[in-house]
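**Q** Next comes the sequence, and after it the predicted model I'd like to discuss.
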Amino acid sequence: MLTSSQWQLLETASLNTLNLRPEHIADIAAHSDATLLSNTQLVEFLQVCNCLYRGGEPLITDLAYDHVFLAELEKRQPEHPYLNSVEPEVTFAGKTVLLPEKMLSTEKTYSADGIEKWLTRLEKAAEDIGIDIASLHFKATPKLDGYAAYDDGTLLYTRGDGKKGTDISRVFERGLIVAGNGLRGQGAGEIVISLRYFASHLADNFDNARNFQASIIKEKDLGAHALEAIQNHAAVFFPFAQLPSWQGCAADLKTNLADIMTQTLSSVDYDVDGVVFEVTNDALKNHLGATRHHHRWQIAYKSNIETATVTVLSVTPQTSRSGRVNPVAELEPTRLSGALISRATAHHYGMVKEQGIGVGTVIELTRSGQVIPKIERVLKPKTPQIPEHCPSCGSTLVWDSDYLYCLNTTQCPSQIENSIEHFFRVLANNDGFGGKTIQKLHAAGVSSVYAIYQLTLEDLTGMGFGEKTAQNLLAQRQLSQSLAIEDWRFLGAFGIHRMGLGNCERLLQHYRLADIFQLTAPQIMAIEGFADKTAAAVVACLAKINNDFQRIYQLGFNLTRTPFLTEQQQNHSPIAGKIIVFTGTMLHGKRDAMSQQAKRLGAKVATSVTGKTDFLVTGMDVGAAKIAAASAKGVQVISEEDYLALLR
Ligand SMILES: NC(=O)c1ccc[n+]([C@@H]2O[C@H](COP(=O)([O-])OP(=O)(O)OC[C@H]3O[C@@H](n4cnc5c(N)ncnc54)[C@H](O)[C@@H]3O)[C@@H](O)[C@H]2O)c1
Ligand SMILES: [Zn+2]
């Protein structure tokens with residue numbers, strides 16, 4: 001659930017009126033799965049995370065934000081405005097002022113390869129304007145993970161939306177000093193707090209450094225802790241120009257990249273979330289310029305994985321919808337990249353047993369893009385904690401290779417509740433049936449998806465749901481049936497073993513939903529992507545869920561049929577077999593819907609223009625440079641109108 005202060009931040013930013021509701025937001029964060037979200041939900045969730053992050057109360061890790069949710073938006077809608085602008089700060093009161101110069105975000109990479117590519121681009125650009133590559137000079141500075149601000153000598157501004165910021169000069173009136181030479185007016189920098197000071201003086205009162213930085217800026221009256229930190233010069237404004245730096249030529253940079261990273265990351269006593277590389281040549285910087293999001297002459301190399309050494313307090317078994325019992329380690333609360341971690345999953349009970357994970361085990365915790373971090377390595381083993389009985393239903397557990405299973409598929413509460421939850425989560429077109437509601441329904445004797453669809457208002461109120469909640473549940477249930485949903489998603493909601501959403505779609509590209517229950521293993525194996533083991537498992541599982549499936553299917557859902565692969569290929573539409581890229585804002589419907597239609601008509605829809613692209617279909621607000629670049633590659637550029645005429 002969101003905390004009340006998180007909710008307040010959303011209210012201040014007017015994000016409390018979104019379609020996403022608090023329990024849904026918390027649920028998405030907990031599952032860290034972006035694929036189930038609609039496009040609108042995805043963008044709304046990003047806005048919510050950004051607001052909470054800037055307000056000092058992050059909901060998810062930076063890695064989850066970048067690699068799960070932002071990456072999904074990039075995959076689906078690479079041209080989405082959210083990706084092409086500076087993520088706004090929304091939380092501070094104060095006068096809005098135009099920034100003396102634009103403050104942008106940074107381009108990011110997570111690998112040495114990304115740095116190499118960036119260098120190649122710079123070298124090409126240098127050649128274009130006749131600059132000798134060997135003369136280029138580079139600089140690496142620690143990427144401070146504080147609160148970005150701009151000091152023009154008189155006022156201090158927040159970064160705001162990159163063009164307009166908020167006047168927060170009050171922090172200097174409160175005694176904040178400028179780090180380094182102490183001079184005002186050095187432009188962009190960050191408000192940061194000493195790591196050592198935070199650990200010794202503030203850790204008990206603030207969740208993380210970001211949380212503290214936000215408090216320095218936003219609170220009307222400073223708390224005693226903040227005041228003391230400022231007086232002790234532990235909290236400072238650090239102009240980037242004053243940061244310690246590595247400097248050298250491109251060849252040095254390439255050869256010593258790993259060393260430069262290690263040195264720079266530990267060169268200051270502040271939270272650092274990467275290293276910023278930039279070229280210093282002014283002519284080249286001017287030539288390169290910026291996108292709406294970042295300067296092309298600068299790149300941040302962010303570290304992908306974070307680790308910490310932690311002691312295990314106990315290991316808790318959790319039964320999943322498939323009956324597999326997963327070990328969750330309860331940990332001594334530990335800070336990892338700003339969030340307080342108190343639980344981690346071990347891969348399976350085989351690992352718990354072999355490596356000795358139990359009370360007092362010391363482990364290395366790794367976090368790479370998931371909200372719940374994983375135990376990667378055991379540093380000091382102890383007696384393992386292995387359960388004999390299912391924590392949910394008490395039946396005796398059995399081993400199947402490395403895994404422990406509860407075989408009580410028909411009565412185990414965890415299995416039943418998690419399966420129902422899975423169904424509604426995958427449908428993703430309603431948000432009435434979350435974990436808590438399902439638990440309550442199950443406790444009242446409702447133990448299947450079908451049974452949920454039989455409930456009346458009286459049934460629900462009889463189970464202790466309030467009149468309003470009950471009505472809302474029925475409305476949400478109605479939505480789940482009336483809103484259009486792809487048939488592969490519907491099939492995926494049944495949680496068939498070895499049938500993730502991708503395999504469901506693949507299967508339905510060859511057979512109608514109504515026909516898949518008659519399929520044999522060889523027929524499934526004939527489909528590209530299904531190996532013999534998978535095919536056999538699919539047949540067995542389909543047989544197992546057949547009755548349940550038919551009953552629910554017959555309730556009536558608004559299913560969209562997956563086009564057969566053959567239909568797509570043999571289609572005689574004017575765009576059959578063509579590769580199309582859509583760009584800009586479309587006037588005649590959402591781009592998503594247009595892509596779907598194009599696919600149905602046999603076209604391949606790509607997200608970026610290459611020499612193989614046939615058509616670039618342009619909506620509104622498409623830059624001339626983009627059009628010119630496509631034409632130069634021999635791509636036919638047509639307007640949305642012309643495209644629709646072509647289809648007619
Ligand atoms: N956890 C979450 O929910 C959440 C939400 C939103 C954003 N984020 C994180 O924030 C990031 C995006 O934020 P952003 O737009 O501020 O981009 P960014 O992380 O790329 O930071 C850009 C900023 O870096 C600062 N910076 C720090 N040290 C610097 C140096 N040495 N030289 C130059 N600039 C330096 C500048 O102020 C610049 O504005 C994402 O990558 C994500 O990880 C997380
Ligand atoms: Zn059980």
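**A** Structure's in. What do you need? Residues are numbered from 1 along each chain as shown. Ligands and ions are numbered 1, 2, ... in the order given.
**Q** Whatever residue of the stretch 451-600 of the chain ends up closest to ligand 2: neighbour count?
**A** Nearest residue of the stretch 451-600 of the chain to ligand 2 (C-beta to the ion) works out as residue 495 at 16.1 Å. All C-beta spots, glycine's among them, are computed from the backbone N, C-alpha and C. Applying other C-beta atoms under 10 Å, we find 20 residues neighbouring residue 495.
**Q** Pull the contacting residues for it.
**A** Neighbour list for residue 495: 321-322, 419, 422-423, 426 [criterion: C-beta atoms under 8 Å, 6 or more residues apart in numbering].
**Q** now these as JSON lines including distance to residue 53?
**A** Output for these, formatted as JSON lines (distance: C-beta to C-beta, whole Å):
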{"residue": "321", "distance to residue 53": "31"}
{"residue": "322", "distance to residue 53": "34"}
{"residue": "419", "distance to residue 53": "33"}
{"residue": "422", "distance to residue 53": "29"}
{"residue": "423", "distance to residue 53": "32"}
{"residue": "426", "distance to residue 53": "28"}
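**Q** hmm, back to that, setting aside sequence neighbours, what's the nearest residue to the residue of the stretch 451-600 of the chain closest to ligand 2?
**A** Once flanking residues are discounted, residue 495 sits nearest to residue 422: 4.9 Å by C-beta to C-beta, 6 or more residues apart in numbering.
**Q** Can you read off the pLDDT for the closest residue to ligand 2 within the stretch 201-350 of the chain?
**A** The minimum distance from the stretch 201-350 of the chain to ligand 2, using C-beta to the ion, falls at residue 319 (5.0 Å). What the model reports as pLDDT for residue 319 is 95.
**Q** ok, the contacts of residue 495 vs ligand 1, which is closest?
**A** Proximity of the contacts of residue 495 to ligand 1 (C-beta to the nearest ligand atom) peaks at residue 426, which lies at 24.1 Å.
**Q** hang on, that closest one packs against residue 492?
**A** Yes: taking C-beta atoms under 8 Å as the definition, residue 426 is a contact partner of residue 492 at 5.3 Å.
**Q** what sits in contact with each of those two?
**A** Joint contacts of residue 426 and residue 492 (C-beta under 8 Å, 6+ apart) are residue 501.
**Q** returning to that earlier point: Three-state assignment for the residue nearest to residue 495, please.
**A** helix (DSSP: H, G, I helix; E, B strand; the rest coil).
**Q** Break the protein into its domains for me.
**A** 4-84, 96-301, 306-405, 413-483, 486-562, 566-647 (automatic domain parsing).
**Q** coming back round to it: list phi and psi for the residue of the stretch 451-600 of the chain closest to ligand 2.
**A** phi 60, psi 40 (degrees, to the nearest 10).
**Q** How confident was the prediction at it?
**A** In this model, residue 495 carries a pLDDT of 86.
**Q** Give me the helices and strands touching the longest helix seen in the chain, please.
**A** Assignment by DSSP state H gives helix 532-553 as the longest helix of the chain. With contacts taken as 3 or more C-beta pairs under 8 Å, 6 or more residues apart in numbering; DSSP states H and E, helix 532-553 sits against helix 449-454, helix 501-508, helix 521-525.
**Q** How much space separates the most far-flung residue of the chain relative to its centre from ligand 2?
**A** Centroid-distance maximum for the chain: residue 130 at 41.4 Å, with C-alpha atoms, centre = their mean. Going from residue 130 to ligand 2 by C-beta to the ion, to the nearest Å gives 72 Å.
**Q** Remind me which helix or strand that residue belongs to.
**A** Assigned by DSSP states H and E, residue 130 belongs to no helix or strand.
**Q** Surely residue 148 is in contact with residue 160?
**A** No: counting by C-beta under 8 Å, residue 148 sits too far from residue 160 to count as a contact (9.6 Å).
**Q** shared neighbours of those two, anything?
**A** By C-beta under 8 Å, 6+ apart, the residues touching both residue 148 and residue 160 are residue 103.
**Q** how about the longest helix of the chain as PDB, C-alpha atoms only?
**A** Extracted in PDB, the C-alpha atoms of helix 532-553 (Å, rounded to 0.1, in the frame of the first residue of the first chain):
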ATOM      1  CA  ASP A 532       8.800 -31.700 -27.500                       C
ATOM      2  CA  LYS A 533       8.900 -31.300 -23.700                       C
ATOM      3  CA  THR A 534       6.900 -28.100 -23.800                       C
ATOM      4  CA  ALA A 535       4.400 -29.600 -26.300                       C
ATOM      5  CA  ALA A 536       3.700 -32.600 -24.100                       C
ATOM      6  CA  ALA A 537       3.300 -30.300 -21.000                       C
ATOM      7  CA  VAL A 538       1.000 -28.000 -22.800                       C
ATOM      8  CA  VAL A 539      -1.300 -30.900 -23.900                       C
ATOM      9  CA  ALA A 540      -1.400 -32.300 -20.400                       C
ATOM     10  CA  CYS A 541      -2.100 -28.900 -18.800                       C
ATOM     11  CA  LEU A 542      -4.800 -28.000 -21.400                       C
ATOM     12  CA  ALA A 543      -6.500 -31.300 -20.600                       C
ATOM     13  CA  LYS A 544      -6.400 -30.500 -16.900                       C
ATOM     14  CA  ILE A 545      -7.900 -27.000 -17.200                       C
ATOM     15  CA  ASN A 546     -10.400 -27.900 -20.000                       C
ATOM     16  CA  ASN A 547     -13.500 -28.000 -17.900                       C
ATOM     17  CA  ASP A 548     -12.700 -24.900 -16.000                       C
ATOM     18  CA  PHE A 549     -11.800 -23.000 -19.100                       C
ATOM     19  CA  GLN A 550     -15.000 -23.900 -21.000                       C
ATOM     20  CA  ARG A 551     -17.200 -22.800 -18.100                       C
ATOM     21  CA  ILE A 552     -15.500 -19.400 -17.900                       C
ATOM     22  CA  TYR A 553     -15.200 -19.000 -21.600                       C
END
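**Q** Run through who's touching that helix.
**A** Contacts of helix 532-553 (C-beta under 8 Å, 6+ apart): 448-450, 453, 494, 496-499, 503, 507, 513, 516-517, 519-522, 524-525, 530.
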